[in-house]
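**Q** Sequence first, then the predicted structure:
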Amino acid sequence: MLLLVFLAMAGLEVPALWRQQKWGEVVAFTVIWVLALAVSVIQLYHLPVPRPTTYFERFSVPVTTWIEKLL
């Protein structure tokens, strides 16, 4: 069902953009469409999603420590 909804969205939007030769918008639509589909599938199947701050903390803590040592 989810895939049918997403295919319907693409079927309504992409042909008009293609006819108007708006290639940048076709690419942007496709990228956003794929990301939205991926997030929807992840939520549909209740898959665990890591917190984005986890990756930021892994990077920022060593950098912050290094800067503090310099000062």
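**A** Nice, thanks for sending it over. Since we're looking at a predicted model, the values are computed, not measured. Numbering: from 1, shown residues only.
**Q** any idea how far Met9 is from Val34?
**A** Using CB to CB, to the nearest Å, Val34 is found at 12 Å from Met9. Where C-beta positions appear, they are placed from N, C-alpha and C, glycine not excepted.
**Q** Please apply the same query to Leu37.
**A** With CB to CB as the criterion, Leu37 and Met9 are 10 Å apart.
**Q** Could you check which of the two has the larger neighbour count?
**A** Shown here are Leu37 and Met9; by other CB atoms under 10 Å, Leu37 has more neighbours (17 against 14).
**Q** who touches the strand or helix carrying the more buried one?
**A** Using DSSP states H and E, the element containing Leu37 is helix 23-44. With contact meaning CB atoms under 8 Å, 6 or more residues apart in numbering, helix 23-44 is reached by Leu2, Leu3, Phe6, Met9, Ala10, Glu13, Val14, Leu17, Trp18, Val49.
**Q** let's see 6 Å
**A** With contact meaning CB atoms under 6 Å, 6 or more residues apart in numbering, helix 23-44 is reached by Leu2, Phe6, Ala10, Glu13, Leu17, Val49.
**Q** Would you check which pair of those lies furthest apart?
**A** Pairwise distances across those peak at 30.3 Å for Leu17 and Val49 (criterion: CB to CB).
**Q** The two: who's more crowded?
**A** Neighbours were counted for Leu17 and for Val49 using other CB under 10 Å; Leu17 has more, 17 against 9.
**Q** Please compute how far the helix or strand hosting the more buried one lies from its chain's middle.
**A** Applying DSSP H and E as the criterion places Leu17 in helix 2-19. Helix 2-19 has its C-alpha centroid displaced from the chain centroid by 18 Å (CA atoms, centre = their mean, to the nearest Å).
**Q** Low-confidence bits of the chain, can you list those?
**A** Across the chain, nothing is flagged by pLDDT under 70.
**Q** which residue is nearest the middle of it?
**A** Geometric centre of the chain, nearest residue: Leu35, 3.7 Å, by CA atoms, centre = their mean.
**Q** any chance of the contacts of helix 23-44 in CSV, plus distance to Tyr55?
**A** What follows is the contacts of helix 23-44, written out as CSV (distance: CB to CB, whole Å):
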residue, distance to Tyr55
Leu2, 27
Phe6, 27
Ala10, 30
Glu13, 32
Leu17, 34
Val49, 12
